[in-house]
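Peer 1: Please find the sequence and the predicted model below.
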Amino acid sequence: MEIMESGAADTQQKHEEKYQQQTEEKHFHVLAVDDSLIERKLLERLLKVSSYRVTFVDSGDKALEYLGLLNSIDNVKATSSSSSSSSSYQSPRQDQGMKVNLIITDYCMPGMSGYDLLKRVKGSYFKDVPVVIMSSENIPSRIGMCLDEGAEEFLLKPLQLSDMEKLQHHLLNSLEHSCERIDKSLNTDSNCIAVRNKSNSNHGSVSRVRRQMT
Amino acid sequence: MERTQLRRQVALTRQSLFDQGFLDEQFIQLEDLQDDANPNFVEEVVTLYYRDSARLITNIEKALEKNSLDFNKLDGFMHQFKGSSSSIGAKKVKAECTLFREYCRAGNGEGCTRTFQQIKKEYATLKRKLEAYFQVVRQAGPAETACWPK
């Protein structure tokens, strides 16, 4: 199905692995951040009913820790023993099985707010991961601020099943964007043939996911 | 059939909770999340709510006993409590929470104290009513099975 060109063999293998991972998993992985036990319980049910895999943390700090973004500022400061480059993060979590496809976070949390978390994520390796903010308060300036900072969506609490459809939309968009990035990273004609086949395969996995979610 | 009568009782009890304004649409959202694999989801959430929010009630009570009220702190607690109450569809409780927060913002201590008494009353009433409701639900048995209720 896919044409292997010698020059693209390595990249092709990486794509196969990624494709394999996505089709095997079939379920998007959501990182959910909320300090309220009840809200987490509700969110867990909503996300599971929608066939997402979900990881819960109860604070922004724990979310950053999970993503491997905590202490990134400290790492940049401690340059004497560190072999890191001048990038502002270190060792972000990239475990194959734990790839986060979407972050959904409460706005109002003790310590780091959802907005602060949004800013940190959008300034990091994970800037292309869609971030959705939830809040029980309908404050237009707050909504505007979050959307300006790159949040994909702002959901009003309490969350409902219909809100899950909005998540699906953002997840599928981000999947298509990651296909485009793969396309762009390859720039020979022969590779384009392989990529076209790959895109078809990915669309297959997308429609499988769509069926699962409906 | 006894089961039919029990089911009818469930429906009537449930409807009265909505009609009397104790529950709002969010409760139906919880019901929609129930299925064969999670047949007691609503009761689980409600039980968790009462367990988890007891701590918030205590915190608010303590904060209200102080000579000089910290309205920011009170508002913070109430924000959390209102959020949880809202998530289970506790309509009357939620309304009183909104009122409490308005008093906080106005720096009205007496209003806060008075409203808090009302919150506790609604909170306790709802608990009683929901406990009675879930009891009838359990007696009526699972909807789709052929076995007799316990």
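Peer 2: On my side now, so go ahead. Computed from a predicted structure; not experimentally measured.
Peer 1: Please make it C-alpha for all contacts and neighbour counts, starting now.
Peer 2: OK.
Peer 1: doesn't residue A:104 fall inside a strand?
Peer 2: Yes: the assignment for residue A:104 by DSSP: H, G, I helix; E, B strand; the rest coil puts it in a strand.
Peer 1: okay, now it: neighbour count?
Peer 2: The tally of other residues near residue A:104 (other C-alpha atoms under 10 Å in any protein chain shown) stands at 25.
Peer 1: need the contact list for residue A:163.
Peer 2: Taking C-alpha atoms under 8 Å, 6 or more residues apart in numbering or on different chains, we find residue A:163 in contact with residue A:155.
Peer 1: For it, pull up the helix or strand it's in.
Peer 2: helix A:161-185 (DSSP states H and E).
Peer 1: any idea of the pLDDT on the nearest residue to residue B:3 once chain neighbours are set aside?
Peer 2: Distances taken as C-alpha to C-alpha, 6 or more residues apart in numbering or on different chains place residue B:140 nearest to residue B:3, at 5.9 Å, with adjacent residues excluded. The score at residue B:140 is 91. That number is its pLDDT.
Peer 1: what do you get for residue B:2?
Peer 2: For residue B:2, pLDDT reads 82.
Peer 1: With residue B:18 instead?
Peer 2: 98.
Peer 1: In this structure it contacts residue B:24, no?
Peer 2: Yes: contact between residue B:18 and residue B:24 holds when scored by C-alpha atoms under 8 Å: they sit 6.3 Å apart.
Peer 1: in chain A, which spans are helices?
Peer 2: Assigned by DSSP state H, the helices in chain A fall at A:9-25, A:37-49, A:60-67, A:72-77, A:114-122, A:140-148, A:161-185, A:189-213.
Peer 1: Poorly predicted segments of chain A, please.
Peer 2: By pLDDT under 70, the weakly predicted segments of chain A are A:1-8, A:17-25, A:72-97, A:187-214.
Peer 1: who's in contact with whichever residue of it sits closest to chain B?
Peer 2: Going by C-alpha to the nearest C-alpha, chain B is nearest to residue A:158 of chain A, at 5.3 Å. Shown in contact with residue A:158 (C-alpha under 8 Å, 6+ apart): A:136, B:26, B:83, B:86-87.
Peer 1: Out of the residues you listed, who's the most crowded?
Peer 2: Result: residue B:87 is most packed of the contacts of residue A:158 (other C-alpha under 10 Å), 27 neighbours.
Peer 1: Write out the residues of chain B neighbouring chain A.
Peer 2: Proximity of chain B to chain A, by C-alpha under 8 Å from any C-alpha of the partner chain, involves residues B:26, B:29-30, B:33, B:45, B:48-49, B:52, B:80, B:83-84, B:86-87.
Peer 1: want to try CSV for the residues you listed, with pLDDT and secondary structure as columns?
Peer 2: Listed next are those as CSV, based on pLDDT from 0 to 100; DSSP: H, G, I helix; E, B strand; the rest coil:
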residue, pLDDT, secondary structure
B:26, 97, helix
B:29, 97, helix
B:30, 97, helix
B:33, 96, coil
B:45, 98, helix
B:48, 97, helix
B:49, 98, helix
B:52, 96, helix
B:80, 95, helix
B:83, 96, helix
B:84, 97, helix
B:86, 97, helix
B:87, 97, helix
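Peer 1: Out of those, which is nearest to residue A:98?
Peer 2: Comparing these against residue A:98 with C-alpha to C-alpha places residue B:33 closest, at 26.1 Å.
Peer 1: Would you agree that closest one is in contact with residue A:49?
Peer 2: Yes: using C-alpha under 8 Å, residue B:33 is in contact with residue A:49, at 7.4 Å.
Peer 1: Span of stretch A:115-134 from start to end?
Peer 2: 10 Å (C-alpha to C-alpha, to the nearest Å).
Peer 1: buried sites along it?
Peer 2: Buried positions in stretch A:115-134, judged by neighbour count with 16 or more other C-alpha atoms under 10 Å in any protein chain shown: A:115, A:117-122, A:124-126, A:128-134.
Peer 1: how far does stretch B:21-39 sit from the chain's center?
Peer 2: 13 Å (C-alpha atoms, centre = their mean, to the nearest Å).
Peer 1: and the nearest residue to residue A:57 once chain neighbours are set aside, what is it in contact with?
Peer 2: Closest residue to residue A:57 apart from its sequence neighbours, by C-alpha to C-alpha, 6+ apart: residue A:33 at 5.1 Å. Shown in contact with residue A:33 (C-alpha under 8 Å, 6+ apart): A:56-60, A:63, A:103-106.
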